[in-house]
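Trainee: Got a predicted structure plus its sequence, pasted below:
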Amino acid sequence: MVRETELNARDFIYPLFVRHGSGRTEIRSMPGVAQLSVDEAVHEAESAFSMGIPSVILFGIPAQKDPIGLENFADDGIVQQAIRAIKRNIPEMVVVTDVCLCEYTDHGHCGVLRPSDGYVLNDPNLDILGKVAVSHAECGADIVAPSGMIDGMVAAIRGALDERGFENTPILSYAVKYASAFYGPFRDAAEGAPKFGDRKSHQMDPGNVREALREAALDVDEGADMLMVKPALAYLDVIRVVKDAFPELPLAAYNVSGEYAMVKAAAANGWIDEAKVTLETLTGMKRAGADLIITYHAVEAAKWLK
Ligand code: PBG
């Protein structure tokens, strides 16, 4: 009766990894998560939807990688196929797409590189990100979510979408994204690990929180409709300050791959109660200020909540 924070399946966004071909390829470091063919992704989205989860976020593993990631904005790209298939089968499902270069580039970085030293360039990516977002919107994506921490990405995507008549497609910005070791298993899943170096030139230092407010303010100015803090568990204080600074914007927290893998590993050893620990963790993220939680545990958590 006096509980202040209520967790609900409708708070969840369920991540799906789609790839070409047929069937499922389990991801070793993320038990229960698989790379899915388009039809498997539709099944997975249907079962999530039937559990009361309103939304999925899509990540693509392209057939071929190259220096700029051409499949990222190809009409027959894997994410483009998955958006159409999910929207055809479950029109009510809110389809969010991750907009970034790292899964598509052969070097695994979130942007094109300066040839002389391999530094991730900023501005040359803005056009590409706009093209990717428009291509997703054309296939029926409901929300685009740029994740690369490229300066100006929200404004560039907003401009590109508006120019093509997608004024009503909202942008969920990965506004506050740390250079985190918790992304390790995701990089197996999405096959998007950088071939050399790291992402510290554009992702944030884990010690910083004032910078989080600056990053969020820039994205709000550029037209972000929703904000995200990522990862979640080690950054609950950041979720709180961002929510307090921008109370009018929906805030998402990304309960990332490493957070999921830790719980799965400890549970598999019988060291913790997976259901209780997961629901407690997700409740903590909501209590910290998240309105939405992107989580690989979405379907299981929805079951446990029932
Ligand atoms: C980049 C992207 C990453 C994640 C989501 N989008 C990886 C990265 O920045 O290296 C990580 C999500 C997770 O760990 O679950 N497209």
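Mentor: Thanks, I have it. Numbers count the residues shown, from 1 in each chain.
Trainee: hey, let's count contacts and neighbours off CA atoms from now on
Mentor: Will do.
Trainee: Make sure Tyr14 is indeed in a helix.
Mentor: No - when DSSP: H, G, I helix; E, B strand; the rest coil is applied, Tyr14 is found to be strand, with no helix at that position.
Trainee: For the nearest residue to it once chain neighbours are set aside, pull up the helix or strand it's in.
Mentor: Once its chain neighbours are removed from consideration, Tyr14 has its nearest residue in Val56; the separation is 4.4 Å (Cα to Cα, 6 or more residues apart in numbering). In this assignment (DSSP states H and E), Val56 forms part of strand 55-61.
Trainee: before we move on, what about Ala145?
Mentor: Using DSSP H and E, the secondary-structure element containing Ala145 is strand 143-146.
Trainee: Next, give phi and psi for Leu172.
Mentor: For Leu172, the backbone dihedrals are phi -100, psi 110 (criterion: degrees, to the nearest 10).
Trainee: residues near it, how many?
Mentor: Leu172 sits with 26 neighbouring residues when counted by other Cα atoms under 10 Å.
Trainee: which ones are touching it?
Mentor: With contact taken as Cα atoms under 8 Å, 6 or more residues apart in numbering, Leu172 is in contact with Ile143, Val144, Ala145, Pro146, Ala224, Asp225, Met226, Leu227, Met228.
Trainee: related to what we said a few turns ago, and the strand holding Val56, how far out from the chain middle?
Mentor: Strand 55-61 has its C-alpha centroid displaced from the chain centroid by 8 Å (Cα atoms, centre = their mean, to the nearest Å).
Trainee: I'd like the mean pLDDT over the next helix or strand after it, please.
Mentor: Next along the chain after strand 55-61, taking DSSP H and E as the criterion, comes helix 78-89. The predicted model assigns helix 78-89 a mean pLDDT of 98.
Trainee: Kindly report the same for stretch 28-48.
Mentor: If you average the pLDDT over stretch 28-48, you get 97.
Trainee: Tell me if that stretch is near the ligand.
Mentor: No - applying Cα under 6 Å from any ligand atom, one finds that stretch 28-48 is not in contact with the ligand, the shortest distance being 9.7 Å.
Trainee: Okay, buried residues for that stretch please.
Mentor: By neighbour count on 16 or more other Cα atoms under 10 Å, the buried set for stretch 28-48 is 29-30, 33-42, 44-46, 48.
Trainee: got it, and stretch 104-118?
Mentor: Neighbour count says stretch 104-118 has Tyr104, Thr105, Asp106, His107, Gly108, His109, Cys110, Gly111, Val112, Leu113 buried, by 16+ other Cα under 10 Å.
Trainee: what's the most distant pair in the residues you listed?
Mentor: Largest separation among these by Cα to Cα: Tyr104 and Leu113, giving 13.5 Å.
Trainee: top of the contacts of Leu172 by neighbour count?
Mentor: Neighbour counts for these were taken using other Cα under 10 Å; the highest belongs to Met228, with 28 neighbours.
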